[in-house]
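# Would you be able to build a 3D model of this:
(3 chains)
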Amino acid sequence: MPKPRVIYWFRTDLRLHDSPALAAALALSPEVLYPIWTWDPHYVYRARVGPNRWQYLLDCQNDLSGSITKLNPRSKLLVIREAPQTLFSKLFRAWRITHLVFEKDTDAYAKERDDEVVRLAREAGVQVVVKTGRTLYDPDELVKMNNGKPTMSISQVIAAGKKIGAIPRPIPAPDWLPGLGDTDLGFEQEKPKSEPDVNALQRDGHEASYSALAGPNADFAVPTMEELGLKVATTPHRGGETAALRALDEIIANEEYTATFEKPKTAPTAFEPQSTTLLSPHMHFGSLSCRLFYWRAQDVVDKHKGKASQPPTSLTGQLLFRDMYFGAQAALGFRFGQTYNNPQCRFIPWHLPSKIDTSTGMITGEYQVDSAEAEAHLRRWKEGCTGFPWIDALMRQLKREGWIHHLGRHAVACFLTRGGCYVDWERGAEVFEEWLIDHEAACNIGNWQWLSCTAFFAQFYRCYSPVAFPQKWDKEGNFVRKYVPELARFDKKYIYEPWKAPIADQKKWGCQIRGDGSIMTDGEMEVYPKPMFEFPTRRDICIQGMKNAYHVGLYGNSPQVLDGSWRRLFDDQAEGPTGGTEGPAGAMVEHEDNEGHGKARPVAEGPSPKHTKKMAAGSEKKAGHKREASQGTLDGMVTRKKKKDGEVFPNRTHFG
DNA sequence: GCTGATGTTGTACTA
DNA sequence: CTAGTACAACATCAG
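Numbers count the residues shown, from 1 in each chain, chains lettered A, B, ... in the order given. Model prediction:
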């Protein structure tokens, strides 16, 4: 029996420690082991990735390659520049591969890609070994133990996890690796389609990702930012397993911090050092095993029984939330990333809704500009010139550094969606996807749904104020002073609402408050924009809009959402109709032009007559429900049809 | 099916 | 400065 010739396919597991998949590869006692990375055009052209996350990936790859070489001088990470879907068949043949091993990934795209690669392996007679290692529990297992349903609350995760059993203890890194075999390729590179390219703006140089299979020097080296044509990264955060393990050691060494950590009590205004661990980007790239993190934290908690914090607020609780989002994504697939056709998402008629591809039922990546005002709000939010220093400081930190505190994410997400701009959460999620170094599709999508009260969370009347909230954490405004330096000299009395400062003081402190962000300076004087709306007014409008949408009671898979007839159930100009004229499923709906959409007004108390008149067909009244009792006069109120098991996923459209 | 408590992370006001 | 309360009101969970 000849010894196995193994490809170990690195993806989001850029580490040697606690890797069940790598251990499984070594357990085959291979003759040769090829550690490879496939430079996937999906991430180069289709997924939104900014320079900071690219840099972080390269950090991880360089560190990993170095660590591999330390274990065997005749090995390193081989970066191969072709789509895995076209590469593998050729690679199996060229290197006479017998086994392909990789870590399981339940991300919607990854699942589709891996299914295809597994198919190619079968075709080539190559055995495939897949192991879980990305989450505490296997997300598919978690869903199974949750009665086949997406995990939508932390108690469901804990209950399902109990049924699965103990979270495995981490396994040590290998102390040796087999060497590479012959690395001749002997086949042509299939160049990927570079259009459409959502990342064109991330580059300022010539894009040469696919110059040659093994790179410009034919040595399989990790690319450089320059080579990829990417703009220079501005993040101070560096990736790599070595840095990750060092950071974890430092955190765990502080037993008090580790044992008593409570997320809601960590300051979103803290910087140098931050109040949370900053381990999330390491877990995204797999340069840190979440199970190593879990057990090192849990061991400290066990040692300090009694005074230690508990899930969900503790450190281990944060990891359980991560598993919850992975479980929801694993159950829903691509639908998880959009409201349209997602049974878990409440339907809210946000501004700037996604365009839908009617043949697939998927969002296209483009959106309808139903309101010029909302479009301006989105642009100013993204660029950090809303005129609210707390929001702008966070967005500027996000753009520059690729990371902001979890509660800061709450603040800007609430502000963009249900607590200010009434813009679709999918727009915000796209910006985070582009800029976060720890962008994890499942967690990002889940958190945006949470904050926008689309799924997971529903208390829309709890609304973050861009003034009161940061005041609670940082009375001096030091965070704002760092990231919005033009306000650095303002008195703390005005630091979160500088437009209230007298003109004379503004001049004295070297910054005028005027304009919409398009003017940055005026001679010697700096300029910071006026707030783009009066927040208390907008908050009230948004809360009324949310209340109204909740009353209408549609979900992403409601027939009226699928065919576009939902518009008839919402008042024109009440916050917020989209004013669009194209139905998502191509259904043209009669609809007056929403002229002057700038002036949204709060809807009257309770649902308007329109809602009582036009019920959502397919919904039914909840007789005797206390919500109806409290609104007794509103006889047409519609609520969600109670779903029974098996009804959650109507097989209405085809996916994948 | 009902009730009451709870839900990682609100605000504004009062005492 | 901190603790408690009303605000207006959602979904889930335990019993």
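# and the residue most central in space within chain A, what helix or strand is that in?
Among the residues of chain A, the smallest C-alpha distance to the mean C-alpha position (C-alpha atoms, centre = their mean) belongs to A:Asn444, namely 2.1 Å. Element membership of A:Asn444, judged by DSSP states H and E, is helix A:441-451.
# Return the set of buried residues in the next helix or strand after that helix.
Note on helix A:441-451: by DSSP H and E, the next helix or strand toward the C-terminus is helix A:468-473. Applying a neighbour-count criterion of 16 or more other C-beta atoms under 10 Å, the buried positions in helix A:468-473 are A:Phe469, A:Pro470, A:Gln471, A:Trp473. The C-beta positions use only the backbone N, C-alpha and C, and glycine is treated the same way.
# Could you give the separation of the lengthiest helix in chain A from the chain centroid?
As far as residue count goes, and with DSSP state H defining each element, the longest helix of chain A is helix A:51-71. Averaging C-alpha coordinates over helix A:51-71 and over its chain gives two centres that are 22 Å apart (C-alpha atoms, centre = their mean, to the nearest Å).
# still on that earlier bit, what residues are up against the closest residue to the residue nearest to the centre of chain A other than its chain neighbours?
Using C-beta to C-beta, 6 or more residues apart in numbering and skipping residues adjacent in sequence, the residue nearest A:Asn444 is A:Phe432, 5.3 Å away. Taking C-beta atoms under 8 Å, 6 or more residues apart in numbering, we find A:Phe432 in contact with A:Leu398, A:Arg409, A:His439, A:Asn444, A:Trp448.
# picking that back up, and the helix holding A:Asn444, what does it pack onto?
For helix A:441-451, the helices and strands in contact under the criterion 3 or more C-beta pairs under 8 Å, 6 or more residues apart in numbering; DSSP states H and E are helix A:315-332, helix A:406-416, helix A:425-435.
# got the contact list for the second one?
Residues from elsewhere that reach helix A:406-416 (C-beta under 8 Å, 6+ apart): A:263-264, A:266, A:268, A:276, A:377-378, A:381, A:386, A:388, A:390-391, A:394-395, A:397-398, A:404, A:420-421, A:423, A:425, A:427-428, A:432, A:447-448, A:451-452, A:463-464, A:466, A:469-470.
# List buried residues within those.
A residue is treated as buried here by neighbour count (16+ other C-beta under 10 Å); on that basis the buried members of the contacts of helix A:406-416 are A:263, A:266, A:268, A:276, A:377-378, A:381, A:386, A:388, A:390-391, A:394-395, A:397-398, A:404, A:420-421, A:423, A:425, A:427-428, A:432, A:447-448, A:451-452, A:463-464, A:466, A:469-470.
# Keep only those of those that are also close to DNA strand B.
When C-beta under 7 Å from any atom of the strand is applied, the members of the buried ones among the contacts of helix A:406-416 adjacent to DNA strand B are A:Lys263, A:Cys463, A:Tyr464, A:Phe469.
# A:Tyr325 versus the nearest residue to A:Ala330 once chain neighbours are set aside, what's the distance?
Here the nearest residue to A:Ala330 in space, its sequence neighbours aside, is A:Pro139; by C-beta to C-beta, 6+ apart that works out to 3.7 Å. The span separating A:Pro139 from A:Tyr325 equals 9 Å under the rule C-beta to C-beta, to the nearest Å.
# Let me see the contact set for the residue nearest to A:Ala330.
When contacts are taken as C-beta under 8 Å, 6+ apart, A:Pro139 is in contact with A:Thr106, A:Asp323, A:Phe326, A:Gly327, A:Gln329, A:Ala330.
# do A:Phe321 as well
A:Phe321 is in contact with A:Ile154, A:Val157, A:Pro312, A:Cys443, counting by C-beta under 8 Å, 6+ apart.
# Check A:Ala243 too.
Residues in contact with A:Ala243, defined by C-beta under 8 Å, 6+ apart, are A:Asp59, A:Asp63, A:His282, A:Ser287.
# among those residues, which ones are buried?
A residue is treated as buried here by neighbour count (16+ other C-beta under 10 Å); on that basis the buried members of the contacts of A:Ala243 are A:Asp59, A:Asp63, A:His282, A:Ser287.
# I'd like these written out as JSON lines, with distance to A:His304 and pLDDT added.
Output for the buried ones among the contacts of A:Ala243, formatted as JSON lines (distance: C-beta to C-beta, whole Å; pLDDT from 0 to 100):
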{"residue": "A:Asp59", "distance to A:His304": "34", "pLDDT": "98"}
{"residue": "A:Asp63", "distance to A:His304": "32", "pLDDT": "98"}
{"residue": "A:His282", "distance to A:His304": "24", "pLDDT": "98"}
{"residue": "A:Ser287", "distance to A:His304": "28", "pLDDT": "98"}
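# right, and the helices and strands packed on helix A:441-451 - which one's nearest A:Ile513?
Proximity of these to A:Ile513 was assessed by C-beta to C-beta; the nearest stretch is helix A:406-416, lying at 18.9 Å.
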